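Asks: what's the 3D shape of this:
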Amino acid sequence: MKKIVRTAALVFLVGSVGYYLWYGLGDRGRSNYGIDALSWVGPQMIWPIVAVSVVVVCFALTGDSVLAAFTGRNSAAFRQGAVGIGTVRSVRQTGMTLNDQPEVRIDLGVEGADGETFESHARMIVPLTELALFRPGVVLPVRYLPGRTDKVEIDRSGDTSTAQDALNRSMIRQGLTTPGKLDIAARGVPAQAVVQSLSVPGEIRNGNSKVELGLAVTRPDGTTFTTRVEKFLPPRSVGHVQVGRVVTVHYLPGNEQEVVIALPANV
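Replies: Predicted structure coming up:
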């Protein structure tokens, strides 16, 4: 659709300029009015001026970020792209706005589906009230084209399972979790737990600090049990597992000592 609109606008521009030149070079103004200047100055100028305006508007409104803002979907080129995990490096406004909402350029470090890493960027229209959400360190699912990784798009498909699978694979590759723990998170019983103790041994893995937690877990029937959990957390998440905090956990009834803490990727 974008190519059709832009092509039509360019054809209109070429046709308008061609008509203007045909009118002027043919001295049609002089033959009609007896005044040579009218061959170049007159109503025939309207069409090239209108055509230039149409081209500018069409190219602006068919930009990928603008189309995504209107449709709520990724552009056609990226809609079936591979899903990776992008970590925000920096955000800056480009100067373009749509209904007073700024377009921003988001620089990202991306981990692809196969574990390859690359630097890239995305552009999107972001409401002013949501600009603060795109801060450095935030993790976002992105769509990218293998072999053309200089540009990506923030995933707008709404397919949370695909995004979660990509995040899970990334965490396994980084040694931050295991397939067994992911299985517990998927099949285990959800419960609430109170953090009773917290220690930080000092081990760091890919920028994530290891923490050891003592938990008092409340079963769905109201009874409780205690256990200890080791987990690697980014610095921004450590505040959410301080002593006294209530966290969501999952466990298998047959193995209550193996408990998995569920924390959002961005907190």
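
Asks: lowest average confidence, helix or strand, in the chain?
Replies: helix 28-33 (a mean of 53; mean pLDDT, DSSP states H and E).

Asks: Run a quick neighbour tally on the residue nearest to L140 when sequence neighbours are not counted.
Replies: Take L140 and drop its neighbours on the chain: the residue closest to it by C-beta to C-beta, 6 or more residues apart in numbering is G86, 4.9 Å away. (Glycine included, C-beta is placed from N, CA and C.) The local packing count at G86 equals 25, with neighbours defined by other C-beta atoms under 10 Å.

Asks: in what helix or strand does G86 lie?
Replies: With the criterion set as DSSP states H and E, the secondary-structure element containing G86 is strand 82-98.

Asks: In that strand, which residues are buried?
Replies: A82, V83, G84, I85, G86, T87, V88, V91 (16 or more other C-beta atoms under 10 Å).

Asks: which strands and helices sit next to that strand?
Replies: In this structure, strand 82-98 packs against strand 101-111, strand 117-125, strand 139-145, strand 148-154, helix 160-173, with contacts taken as 3 or more C-beta pairs under 8 Å, 6 or more residues apart in numbering; DSSP states H and E.

Asks: 10 Å instead?
Replies: helix 46-61, helix 64-71, strand 101-111, strand 117-125, strand 139-145, strand 148-154, helix 160-173 (3 or more C-beta pairs under 10 Å, 6 or more residues apart in numbering; DSSP states H and E).

Asks: just the buried residues of strand 82-98 now: which is nearest Q174?
Replies: Sorting these by distance to Q174 puts I85 at the head of the list, at 10.3 Å, by C-beta to C-beta.

Asks: Quick check, the closest one in contact with P141.
Replies: Yes: judged on C-beta atoms under 10 Å, I85 makes contact with P141 at a distance of 6.5 Å.

Asks: center of this protein - which residue?
Replies: By C-alpha atoms, centre = their mean, the mean C-alpha position of the chain lies nearest to I154, the distance being 2.2 Å.

Asks: show me what contacts that residue?
Replies: For I154, the set of contacting residues under the criterion of C-beta atoms under 10 Å, 6 or more residues apart in numbering consists of 65, 68, 74, 78, 86, 106, 108, 122-124, 126, 134, 140-143.

Asks: The same query, at a cut-off of 8 Å, please.
Replies: G86, I106, A122, M124, L140, P141, V142, R143 (C-beta atoms under 8 Å, 6 or more residues apart in numbering).

Asks: what separates K181 from L131, distance-wise?
Replies: K181 is 34 Å from L131, where distance means C-beta to C-beta, to the nearest Å.

Asks: With neighbour numbers in mind, choose between these two.
Replies: More neighbours sit around K181 than around the other of K181 and L131, counting by other C-beta under 10 Å; the figures are 21 against 14.

Asks: Sticking with that one, tell me its helix or strand.
Replies: Under DSSP H and E, the secondary-structure element containing K181 is helix 179-187.

Asks: That helix - contacts with which helices or strands?
Replies: For helix 179-187, the contact count by 3+ C-beta pairs under 8 Å, 6+ apart identifies helix 160-173, strand 246-252, strand 255-262 as packing neighbours.

Asks: Need the residues that contact the second one.
Replies: Contacts with strand 246-252, where a contact means C-beta under 8 Å, 6+ apart, come from 184-185, 187-195, 215, 217, 229, 240-241, 258-263.
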